[in-house]
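Here is the input, now give the coordinates:
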Amino acid sequence: MKKVLLASAVSMALVGGAVQADEHGGTYAFDNEGTHQFITFKISHLGYSWLYGRFNDFDGQFVYDAENPENSSVNVTIDTSSVDSNHAERDKHLRSEDFLYVDEYPEASFTSKRVVVDEDGEADIIGDLTLRGVTKEVTLDAEMVGHGEDPWGGYRMGFEAETELRLKDFGIPMDLGPASETVEIIISVEGIRQ
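Have a look, this model is predicted:
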């Protein structure tokens, strides 16, 4: 889950440099009604192929500080039972104690602690990811996709972020060999200013 779920976090990252005036600042709620948000993952299957999946149910918000992007923040919650790899039996296994153990840990979350913006306007969002009952600090590589008025009178901002997670770091016991020790996570989120 390298590029991860918590993509939302990305929202702030943002590329502070790419955004100029404080007119873009504010609190943005994820557009889960329009489903303009995705948390996807990619992991090697035994070193022979790639397995792709996503989490269908998650929510969150980000606060974007246009004048000082480093003061931005993001919070995301994920329903782990919404994991979807396009195969019912495999999804059942992913929900089991071997992987996400959703009966015991039905929710994962990400809460940012700080944002570091580089000279190119890209950002690292550093925060706590809680997955399967384990909380660890992770870094999301984030980039602003764009922002502006929408056709319905609102104002939107979108980000994409990615990270990589070691399964064992989050207590996932299933061992599929060295090629499958890490998962890439990609998060793409569009927020509507509140």
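
And for residue 28, nearest residue in space, chain neighbours not counted?
Excluding the flanking residues, the one nearest residue 28 by Cβ to Cβ, 6 or more residues apart in numbering is residue 191, at 2.8 Å. No exception for glycine: its C-beta is placed from N, CA and C like everyone else's.

got it, and residue 25?
residue 66 (4.0 Å).

Which secondary structure state is assigned to that neighbour?
coil (DSSP: H, G, I helix; E, B strand; the rest coil).

check contacts around the residue nearest to residue 28.
Counting by Cβ atoms under 8 Å, 6 or more residues apart in numbering, residue 191 touches 8, 11, 28, 29, 30, 31, 61, 62, 156, 157, 158.

ok, now with 6 Å
Residues counted as contacts of residue 191 (Cβ atoms under 6 Å, 6 or more residues apart in numbering) are 11, 28, 30, 62, 157.

could you pull out the strands for this protein?
Per DSSP state E, the chain carries strands over the ranges 26-30, 37-45, 49-55, 58-64, 73-79, 83-84, 107-117, 123-131, 134-149, 155-166, 182-193.

Quick one: closest of those strands to residue 173.
strand 134-149 (12.0 Å; Cβ to Cβ).

rewinding a little: state the pLDDT value of the residue nearest to residue 28.
In this model, residue 191 is scored at 96, pLDDT.

The residue nearest to residue 25 and residue 24 touch, don't they?
Yes: in this structure, residue 66 is within contact of residue 24 by Cβ atoms under 6 Å, at 4.6 Å.

could you give the mean pLDDT of the longest helix seen in the chain?
Longest helix of the chain, by residue count under DSSP state H: helix 88-94. What helix 88-94 shows for mean pLDDT is 97.

any low-confidence regions in the chain?
1-22 (pLDDT under 70).

what about the residue nearest to residue 135 when sequence neighbours are not counted, neighbour count?
Distances taken as Cβ to Cβ, 6+ apart put residue 128 closest to residue 135, at 5.2 Å, once the chain neighbours are dropped. If you count neighbours by other Cβ atoms under 10 Å, residue 128 ends up with 13.

same question, residue 123
30.

about what we covered before: ok, and the most crowded of the contacts of residue 191?
Neighbour counts for the contacts of residue 191 peak at residue 11, which has 35 neighbours (criterion: other Cβ under 10 Å).

still on that earlier bit, ok, the residue nearest to residue 135 touching residue 110?
No: the criterion here is Cβ under 6 Å, and residue 128 misses it with residue 110 at 7.1 Å.

how far out from the middle of the chain is the longest helix of the chain?
22 Å (Cα atoms, centre = their mean, to the nearest Å).

Show me which parts of it are buried, residue by residue.
Within helix 88-94, the residues that qualify as buried by neighbour count (16 or more other Cβ atoms under 10 Å) are 90, 91, 94.

Using CSV, write out every CA atom in it.
Output of helix 88-94 as CSV, limited to C-alpha atoms (Å, rounded to 0.1, in the frame of the first residue of the first chain):
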residue,chain,number,x,y,z
ALA,A,88,-15.2,-12.6,-4.0
GLU,A,89,-13.3,-15.5,-2.5
ARG,A,90,-10.0,-13.5,-2.5
ASP,A,91,-11.8,-10.6,-0.9
LYS,A,92,-13.1,-12.9,1.8
HIS,A,93,-9.5,-14.0,2.5
LEU,A,94,-8.3,-10.4,2.5
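
Since that was my last question, I'll sign off now.
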